[in-house]
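here's a sequence, model it:
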Amino acid sequence: MTRALPWLPLLLGCTRSTELLPPGEDASLDRPLIADRFVPADSFVPDTGPPRRHYPFCPTTIDVYGGTNFLFPVVGGPQSPPADPQAGLVGSENPGYDQTLAGRIASRLQDDAEVAPALGSTWTVRSCAGMGQTLSQLSPPLDADACGRDSPFRDDRYLNACSDNPAPVLLIAATMLDDRCHGGGPDSDAVDDPATYQDHYHQRLNAFLGNRNPRFVLVGPRTEWTDDASSPFAMPSCRWTRPDWDIQALGSWKDPPSGIETELVRDLNDLFKHHHRCCRELDLDACGSNWFDRWMSDAVNADGAQQIVNLWYDALKDWLLSSEFECP
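Just a heads-up that it's a prediction; the model follows:
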């Protein structure tokens with residue numbers, strides 16, 4: 001027994017470094033486990049997300065089309081078309097540009113910490129919008145336009161809006177609310193005919209895009225909800241159904257011109273109903289503060305403008321960051 005005692009300290013020393021002792025005792029906290037140091041090559045999970053889309057152009061030039069609420073006249077945007085409609089409005093030196101949707105998008109792109117590393121901070125975002133601008137004024141007239149007092153008003157300046165050097169990327173809120181030749185509520189003498197309305201909406205949208213020939217289009221219906229206050233022939237009605245017609249028409253649009261990729265942008269119609277004077281008449285819950293101007297009934301105020309900017313900027317940014325481009 002006495003001859004075995006000298007080996008006892010050695011045996012105890014070996015035992016302290018084995019799994020027989022409580023985990024962690026006398027172990028180095030920085031020492032990696034075997035599993036940390038040797039990972040089988042086939043154990044990595046491949047990225048199963050959608051592949052990044054590739055485009056053979058640079059997206060840093062963008063044209064923005066839409067009506068009154070792409071100009072934001074209540075918060076400092078222009079209230080008339082640019083002096084040269086074919087050239088559009090671009091640059092902070094032009095009065096009102098910075099307050100347009102195009103100007104605000106340009107500012108956010110330049111300052112965006114996620115976009116700038118990928119695409120730089122130099123952007124040309126041109127405002128091609130106009131007060132009351134619709135598809136009826138952006139495309140040549142249809143024979144069916146001649147329906148008397150319900151025919152859409154035409155401003156020929158918009159027909160050639162930003163036709164000089166069209167950008168490869170185009171944003172448009174496509175509405176046809178001024179064409180009352182097919183009914184649509186209390187502002188029209190015609191019988192409701194949404195199927196024909198949709199057909200004419202598709203014809204006009206395709207004619208406009210075919211004329212500008214962009215490579216990529218973000219297109220949505222009129223972003224914000226409206227009553228028929230813009231109609232010169234009827235008292236405003238909160239039960240006007242026409243805004244839904246634009247949403248349905250765009251949803252049924254299947255055949256854009258060849259070579260033009262399109263992506264739909266959602267609308268804010270339901271949200272804006274809760275911030276409109278019609279909220280209570282429509283029996284909606286949680287009516288909020290007004291997002292429209294007191295005097296210019298179909299124009300949004302600063303709170304409404306911010307909602308529109310966020311919607312369109314987020315859609316554009318998502319597309320930019322999920323794609324690859326060929327830039328100089």
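
what count of nearby residues applies to the nearest residue to residue 227 once chain neighbours are set aside?
The shortest distance from residue 227 to any non-neighbouring residue, by CB to CB, 6 or more residues apart in numbering, is to residue 236 (4.7 Å). Glycine gets a C-beta too; all of them are placed from N, C-alpha and C. Look at residue 236: counted by other CB atoms under 10 Å, it has 17 neighbours.

go on, residue 239?
Using other CB under 10 Å: residue 239 sits among 11 other residues.

for it, give its distance to residue 278.
From residue 239 across to residue 278, the span is 9 Å (CB to CB, to the nearest Å).

please enumerate the strands of this structure.
53-55, 61-65, 124-127, 169-173, 216-220, 261-264, 323-325 (DSSP state E).

got CSV for the ones you listed, with mean pLDDT and mean neighbour count too?
What follows is the strands of the chain, written out as CSV (pLDDT from 0 to 100; neighbours: other CB atoms under 10 Å):
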stretch, mean pLDDT, mean neighbour count
strand 53-55, 93, 12
strand 61-65, 98, 25
strand 124-127, 98, 25
strand 169-173, 98, 26
strand 216-220, 98, 21
strand 261-264, 97, 14
strand 323-325, 97, 14
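
any chance of these in JSON lines, plus distance to residue 102?
Output for the strands of the chain, formatted as JSON lines (distance: least, CB to CB, whole Å):
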{"stretch": "strand 53-55", "distance to residue 102": "21"}
{"stretch": "strand 61-65", "distance to residue 102": "4"}
{"stretch": "strand 124-127", "distance to residue 102": "4"}
{"stretch": "strand 169-173", "distance to residue 102": "8"}
{"stretch": "strand 216-220", "distance to residue 102": "13"}
{"stretch": "strand 261-264", "distance to residue 102": "18"}
{"stretch": "strand 323-325", "distance to residue 102": "20"}
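
looking at the ones you listed, which is closest to residue 291?
Shortest distance between residue 291 and the strands of the chain, using CB to CB, is found for strand 169-173: 16.0 Å.

which residues does the residue lying closest to residue 94 once chain neighbours are set aside contact?
Among residues not flanking residue 94 along the chain, residue 82 sits closest, at 7.4 Å (CB to CB, 6+ apart). Residues in contact with residue 82 (CB atoms under 8 Å, 6 or more residues apart in numbering) are 88, 89, 94, 127.

count of neighbours near the first one?
Counted with other CB under 10 Å, the neighbours of residue 88 add up to 25.

that one contacts residue 128, doesn't it?
Yes: using CB atoms under 8 Å, residue 88 makes contact with residue 128 at a distance of 4.8 Å.

intersection of neighbour lists for those two?
63, 161, 162.

flag the shaky bits of the stretch 101-250 of the chain, pLDDT-wise.
229-234 (pLDDT under 70).

that older thread, nearest to residue 286, of the shared contacts of residue 88 and residue 128?
Distances from residue 286 to the shared contacts of residue 88 and residue 128, taken by CB to CB, are shortest for residue 63, at 36.8 Å.

next, count neighbours for the nearest residue to that closest one once chain neighbours are set aside.
If the residues on either side of it in the chain are set aside, residue 63 comes closest to residue 167, at 4.2 Å by CB to CB, 6+ apart. A count of nearby residues for residue 167, using other CB under 10 Å, gives 23.

I figured residue 140 hits residue 156, correct?
No: here residue 140 does not reach residue 156: they are 10.5 Å apart, not a contact under CB under 8 Å.

which residue of the two possesses the greater neighbour count?
A direct count of neighbours by other CB under 10 Å for residue 140 and residue 156 places residue 140 higher, at 11 against 8.

minimum distance to residue 112: which of the strands of the chain has it?
Comparing those under CB to CB, the one sitting nearest is strand 124-127, at 12.7 Å.

which ones are touching residue 261?
215, 216, 217.

again, only this time at 10 Å
53, 55, 214, 215, 216, 217 (CB atoms under 10 Å, 6 or more residues apart in numbering).

I'd like to know how far the closest residue to the second one other than its chain neighbours sits from residue 169.
The spatial neighbour of residue 55 that comes closest, neighbours along the chain excluded (CB to CB, 6+ apart), is residue 325 at 5.2 Å. From residue 325 across to residue 169, the span is 10 Å (CB to CB).

repeat for residue 121
17 Å.

residue 324 now?
Distance from residue 324 to residue 169, by CB to CB: 14 Å.

same question, residue 307
22 Å.

over to residue 286?
From residue 286 to residue 169 the distance is 36 Å (CB to CB).

residue contacts, the closest residue to residue 181 other than its chain neighbours?
For residue 181, ignoring the flanking residues on the chain, the nearest one in space by CB to CB, 6+ apart is residue 147 at 3.8 Å. By CB under 10 Å, 6+ apart, the residues touching residue 147 are 179, 180, 181, 182, 188, 189, 190.
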